[in-house]
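Student: Take a look and give me a structure for this.
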Amino acid sequence: MSEHQTSLPLDTDYSTAPAVVPELRDEIARAWGLPLGERAEICFRGSQRAAITGILELLSSPDCPWNPRQPLQLRIAGFIFSSREIERWTRL
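Tutor: Purely as a prediction, here's the structure:
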């Protein structure tokens with residue numbers, strides 16, 4: 001192998017780690033009143049988007065000290081959005 005080449009272990013399984021540990025996610029879910037880490041249907045403000053169903057994921061933790069009025073960056077079914085865009089949600 002040349003000194004400019006790197007060996008990558010491509011035969012290992014890829015897995016994404018959660019953005020926030022479950023205990024912290026659950027505490028944030030309670031503070032913001034959202035079903036983070038659970039299967040839910042999210043309806044968005046305005047009529048441009050229909051409801052999306054899937055696992056509601058938190059992409060990054062909010063600033064400390066927590067302010068529930070701070071928008072959260074969320075994802076559901078691959079769609080990224082702000083918590084301010086949610087009109088209503090239903091836990092499934």
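Student: now do the same end-to-end measure for stretch 71-84.
Tutor: Stretch 71-84 has an end-to-end distance of 6 Å (Cα to Cα, to the nearest Å).
Student: which residue ranges form the strands in this structure?
Tutor: 39-44, 52-55, 57-58, 73-76, 79-82, 86-91 (DSSP state E).
Student: Figure out how far the shortest one is from the centre of its chain.
Tutor: With Cα atoms, centre = their mean, to the nearest Å as the basis, the distance from the averaged C-alpha position of strand 57-58 to the chain average is 2 Å.
Student: For it, give the mean pLDDT please.
Tutor: In this model, strand 57-58 has an average pLDDT of 96.
Student: nearest residue to A29 other than its sequence neighbours?
Tutor: Spatially, and ignoring its direct neighbours in sequence, A29 is nearest to L36 (3.9 Å; Cβ to Cβ, 6 or more residues apart in numbering). C-beta: built from backbone N, CA, C; applies to glycine.
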